[in-house]
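> Have a look at this fold, sequence not included:
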Ligand code: 5GP
Ligand code: ZN
């Protein structure tokens, strides 16, 4: 845990969130500022700063994040209609929180990827 990290504080419960799913490796919660009718964030429980700092030992973890996102989409009935997984990486992407996270967005027709 990084004591200065917003999402680590969400994992620990120091900052409240609306939880969607949790197991020993990943946590999912509602984005505080949704950009689509469905907008969930899936994060690793352990602090991983960037996709670009993840190593091979975290491959399974990142795969588990993606499959967790897909299962959440299924539970929310947007798996068939379609949804998007987004990882913002670094400055040009607009990444704001330096704890790896996947955005799961859907529930309407999404615009083109910028
Ligand atoms: P990024 O731009 O880093 O890819 O995405 C960070 C996301 O975290 C944004 O969509 C933002 O709305 C969300 N966010 C920022 N602070 C909080 C918070 O305190 N709680 C929750 N649930 N989401 C947050
Ligand atoms: Zn963190």
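Sure, I can see it. All of these numbers come straight from a predicted model, not from anything done at the bench. Numbering: from 1, shown residues only. Ligands and ions are numbered 1, 2, ... in the order given.
> And the helices in this structure?
6-12, 59-75 (DSSP state H).
> which stretch among these comes nearest ligand 1?
Across those, ligand 1 has its closest neighbour in helix 6-12 (5.8 Å, C-beta to the nearest ligand atom). Any C-beta I mention is one placed from the backbone N, CA and C, and that applies to glycine too.
> how far is the lengthiest strand in the chain from where the chain is centred?
What stands out as the longest strand in the chain, according to DSSP state E, is strand 38-44. In this view, strand 38-44 has its centroid 3 Å away from the chain centroid, taken as C-alpha atoms, centre = their mean, to the nearest Å.
> Tell me if that strand is near ligand 2.
No - if you take C-beta under 5 Å from the ion as the test, strand 38-44 misses ligand 2, and the best it gets is 7.8 Å.
> Next, the angle from that strand to helix 59-75.
Going by axes from the mean of the first three to the mean of the last three C-alpha atoms, to 10 degrees, strand 38-44 is angled at 160 degrees with respect to helix 59-75.
> sorry, back to before: single out the most deeply packed of the helices of the chain.
helix 6-12 (a mean of 18; mean count of other C-beta atoms under 10 Å).
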